[in-house]
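K.L.:
Test case, fold it:
(one chain, ligands or ions: 1)
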Amino acid sequence: MIIKEIIQIGNPILNRPSKFVAEVDDKETQRVITNLVDSVRHHDLIGMAASQIGEKLRIFVTEIRKTKYRNLPTDKLRIYINPEIVWSSKKQIVIYEGCGSVAYAKLFAPVRRPEKIIIEACDENGNKLRLEASGMLGRVIQHEYDHLNGIEFTEKITDMRKIMSSEEYRKMVTSKG
Ligand SMILES: [Zn+2]
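P.N.:
Numbering: from 1, shown residues only. Sure thing, here's the model as predicted:
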């Protein structure tokens, strides 16, 4: 089921830490996963956490597709249940982020985060996964992981003067080629 309205910043649901998933093959867990996958695609986003569709479970998805704004190396659909970031690089980089829960992804701003991370989680079949990620995938994973702990990227904006509308952001990205 597509969730038509993504929960927006200001709603306390987004500030609460999500709960650990007890059973991966539970009907309820699988329903949340299906809704997340449908919704992230419907809204043309590249990542989404369960709290953004009003579910309190520690689940998020990433799918680095070509979207309206980005033409980047793609990455398949991945589902992360009870994820833990077990290592982060000392090196940090600044990348612009947006979020479906912040003005419907119409606001972009620079955020500093580790360049590379290692994440461990369960996938949708209950299999353990361990993934080293950098680039856009590494960035999206860290953004979604924060959602599970009730943190929105706006708390981490490095320079308020560099906030952009999605239209201006798109111009900037396009002009860089
Ligand atoms: Zn977000």
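
K.L.:
who's sitting farthest from the centroid in this protein?
P.N.:
S175 (25.3 Å; Cα atoms, centre = their mean).

K.L.:
Please spell out which residues along the longest strand seen in the chain are buried.
P.N.:
Of all the segments of type strand in the chain, defined by DSSP state E, the longest one is strand 75-88. Residues of strand 75-88 classed as buried by neighbour count (16 or more other Cβ atoms under 10 Å): D75, R78, I79, Y80, I81, N82, P83, I85, S88. For the C-beta atoms, the positions are set from N, CA and C on the backbone; glycine is no exception.

K.L.:
for the residues you listed, which one is nearest F60?
P.N.:
Minimum distance to F60 across the buried residues of strand 75-88 is 5.4 Å, recorded for Y80 (Cβ to Cβ).

K.L.:
Tell me which residue lies nearest the centroid of the protein.
P.N.:
E144 (3.2 Å).

K.L.:
tell me the SS of that one?
P.N.:
helix (DSSP: H, G, I helix; E, B strand; the rest coil).

K.L.:
Helices of this protein, start to end?
P.N.:
Taking DSSP state H, the helices of the chain run over residues 27-42, 135-148, 166-175.

K.L.:
chain center to the shortest one, what's the gap?
P.N.:
Read that as helix 166-175. 20 Å (Cα atoms, centre = their mean, to the nearest Å).

K.L.:
which strands and helices sit next to it?
P.N.:
Where contact means 3 or more Cβ pairs under 8 Å, 6 or more residues apart in numbering; DSSP states H and E, helix 166-175 is packed against strand 107-114.

K.L.:
Can you point out the buried residues in the strand it packs on?
P.N.:
L107, F108, A109, P110, V111, R113, P114.

K.L.:
now do stretch 137-151
P.N.:
Buried, per 16+ other Cβ under 10 Å, within stretch 137-151: L137, G138, R139, V140, I141, Q142, H143, E144, Y145, D146, H147, L148.

K.L.:
how close does the third one sit to K106?
P.N.:
Relative to K106, R139 is positioned 19 Å away (Cβ to Cβ, to the nearest Å).
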